[in-house]
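Q: Below are the sequence and a predicted model for it; my questions follow.
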Amino acid sequence: MTTWNPTRRDFVKTTARAGGALGALGALGHLACAAPGDGDMAGGDPGPPDPQRILILGGTRFIGPHQVKYALDRGHEVSIFTRGRTEPPFFHDYFERVEHLIGDRNDDLSALEGREWDAVIDNSASIPRWVALSTELLQGNVGRYLFVSSISAYVDFASVGIDESYPVGQLSSPDAENEYGPGKARCEAINTEAFGEGAINVRPGLIVGPGDNTDRWTYWPVRVARGGEVLAPNSPTDPVQNIDARDLSEWIVRLVETPGTGGTYNATGEVQTFGAMLDEIRAALGSDATFTWVSTEFMEEHGVRPWGHMTNWVPPEGESIGMNQVSVAAAVEAGLTFRPLGATARATMEWWNTLPEERRGQMRAGLPAELEAQVLAAWGERG
Ligand SMILES: NC(=O)c1ccc[n+]([C@@H]2O[C@H](COP(=O)([O-])OP(=O)(O)OC[C@H]3O[C@@H](n4cnc5c(N)ncnc54)[C@H](OP(=O)(O)O)[C@@H]3O)[C@@H](O)[C@H]2O)c1
């Protein structure tokens, strides 16, 4: 048993930073249901309903652009609400067809006053006061309100197969604004109080794929593409879970366009093993990488951290045992589908390779190459 502190905190911290003013296939890999965006069609999707008017609070950083594209492709009208500071990373043609409302969730929602939408997707809040302000203003003018929460809302990950009934964290004081997980939980409660059956709360795990500027999961395809001996965490049988931003975003749009979908949903991928994940990435990228599985204790002794260095990995024990083994049964029942992981790896690399060389030279997460080489050498020389 390792002596590391519960790594849920690392997850919460990096997730909060990523969001800024801000995710068991057994060994089989992600289910092979695709969705538009890869040229594949989602299985069982009955197609878009009548056009809806959708407001996205946010829309321009990571999951927002994927929602914008999918919603427009399905014939909906889209408005977005931001401060006007963040440029969408791609899909610029799509944003020309979007109504862009400018304001600030802190203190200026005037652009939303007197307006009506069929549904709202709230991506940008972790602060309960923001959700209190927006739900109060939009109540009566909006049919459904979907709040993008996080699995960090849970009080801990001390159990395997956590479903939506598991306890959530509590704010240390009602006015606290910098407590990410408990803040998300309180935002959900405010949404449910305001919108009742029209309230939808979605709790993603690590969100991955094209456009993720945190580089967390991106580290793995980039590292595997480089090839050679890759340091991999602990054991190929350790569990891992993540969700392609497009699977999440497209399902969110389908949820808000469908009456009767109110409720709370975990939204991450089905569990697979770390070994299966890395094998799928290697196969998808045609890499010659080999994986050397270095024990938890050895990594700890040599300064290799879970999550920050070994991105998407936490020791499957103690308070983090359930973090990569959350139940997604309710979401799958409600229509969440999964691209093959190889498609995520390829799309991530296509996007990554469009970034300037300087940016690609400064990976924001993952194990630095020098440290990896040192630890692999030490691992090889151990008695
Ligand atoms: N990444 C993960 O792995 C992960 C995991 C679990 C949950 N989540 C949650 O998923 C969501 C992801 O959000 P995203 O960034 O991808 O959403 P997004 O809709 O793509 O972008 C959010 C937008 O909100 C705007 N914004 C920020 N502060 C604002 C303010 N004070 N007033 C008005 N607009 C503001 C920003 O634009 P401006 O700068 O122009 O205002 C930003 O572009 C977050 O809620 C996060 O907590 C993420």
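A: Good, I have the coordinates.
Q: make it CA atoms for all contacts and neighbour counts henceforth
A: Will do.
Q: Tell me the secondary structure at the nearest residue to residue 350 once chain neighbours are set aside.
A: Leaving aside its chain neighbours, residue 350 sits nearest to residue 210 (7.9 Å; criterion: Cα to Cα, 6 or more residues apart in numbering). Classification of residue 210 by DSSP: H, G, I helix; E, B strand; the rest coil places it in coil.
Q: pLDDT at residue 210, what is it?
A: Confidence at residue 210, expressed as pLDDT, is 98.
Q: now swap in residue 30 and tell me
A: 27.
Q: For the residue nearest to residue 350, give me its contacts.
A: 245, 344, 347-352 (Cα atoms under 8 Å, 6 or more residues apart in numbering).
Q: Could you check how far it is from the ligand?
A: Residue 210 is 11 Å from the ligand, where distance means Cα to the nearest ligand atom, to the nearest Å.
Q: Could you do residue 117 as well?
A: 17 Å.
Q: all strands for the stretch 51-200 of the chain, in order.
A: For the stretch 51-200 of the chain, the strands defined by DSSP state E, counting those that start in this stretch occupy 53-57, 77-82, 99-102, 117-122, 142-148, 199-204.
Q: now the stretch 201-350 of the chain
A: With DSSP E, counting those that start in this stretch as the criterion, the stretch 201-350 of the chain has strands spanning 207-208, 229-233, 239-240, 243-244, 263-267, 272-273, 290-294.
Q: Return the most buried member of those.
A: Mean neighbour count, computed with mean count of other Cα atoms under 10 Å, is highest for strand 239-240 among the strands of the stretch 201-350 of the chain, reaching a mean of 28.
Q: From residue 249, how far out is the residue nearest to residue 350?
A: Distance of residue 210 to residue 249, given as Cα to Cα, to the nearest Å: 12 Å.
Q: related to what we said a few turns ago, got the contacts of residue 210 as TSV, with pLDDT and neighbour count columns?
A: Converted to TSV, the contacts of residue 210 look like this (pLDDT from 0 to 100; neighbours: other Cα atoms under 10 Å):
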residue	pLDDT	neighbour count
245	98	26
344	98	25
347	98	17
348	98	21
349	98	18
350	98	12
351	98	15
352	98	22
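Q: Can you tell me which of the residues you listed is closest to the ligand?
A: residue 245 (8.5 Å; Cα to the nearest ligand atom).
Q: Same list (the strands of the stretch 51-200 of the chain) but as a markdown table, adding mean neighbour count, mean pLDDT and distance to residue 266.
A: Compiled in a markdown table, these are given as follows (neighbours: other Cα atoms under 10 Å; pLDDT from 0 to 100; distance: least, Cα to Cα, whole Å):
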| stretch | mean neighbour count | mean pLDDT | distance to residue 266 |
| --- | --- | --- | --- |
| strand 53-57 | 23 | 98 | 20 |
| strand 77-82 | 21 | 98 | 24 |
| strand 99-102 | 18 | 98 | 29 |
| strand 117-122 | 23 | 98 | 16 |
| strand 142-148 | 25 | 98 | 10 |
| strand 199-204 | 25 | 98 | 5 |
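Q: who wins for proximity to residue 158 among those strands?
A: Residue 158 lies closest to strand 199-204 among the strands of the stretch 51-200 of the chain, at 17.2 Å (Cα to Cα).
Q: Report all helices and strands that the closest one contacts.
A: Applying 3 or more Cα pairs under 8 Å, 6 or more residues apart in numbering; DSSP states H and E, we find strand 199-204 packed against strand 142-148, helix 180-195, strand 263-267.
Q: Show residues contacting the second one.
A: Translated: helix 180-195. Contacts to helix 180-195, defined as Cα under 8 Å, 6+ apart, come from residues 12-13, 16, 125-128, 131-132, 135-136, 139, 144-145, 147, 149-155, 168-171, 176-177, 198-201.
Q: Ok, the last one next?
A: Strand 263-267 has contacts (Cα under 8 Å, 6+ apart) with 150-151, 163-164, 197, 199-205, 243, 248, 326-328, 330-331, 336.
Q: For residue 146, give the beta-bridge partners.
A: residue 121, residue 200 (DSSP bridges).
Q: Just list the residues touching it, thanks.
A: Contacts of residue 146 (Cα under 8 Å, 6+ apart): 119-122, 199-202, 252, 256.
Q: Now tabulate these in TSV and tack on distance to residue 272.
A: TSV is the format used below for the contacts of residue 146 (distance: Cα to Cα, whole Å):
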residue	distance to residue 272
119	33
120	32
121	29
122	29
199	30
200	27
201	24
202	21
252	23
256	28
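Q: of all those, which comes closest to residue 56?
A: Using Cα to Cα, the contacts of residue 146 come closest to residue 56 at residue 121, 4.7 Å.
Q: List the residues that contact the residue most central in space within the chain.
A: Nearest to the geometric centre of the chain sits residue 207, at 2.2 Å (Cα atoms, centre = their mean). By Cα under 8 Å, 6+ apart, the contact list for residue 207 reads 23, 242-245, 268.
Q: so can I have TSV of the residues you listed showing distance to the ligand?
A: Formatted as TSV, the contacts of residue 207 follow (distance: Cα to the nearest ligand atom, whole Å):
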residue	distance to the ligand
23	4
242	8
243	8
244	10
245	8
268	9
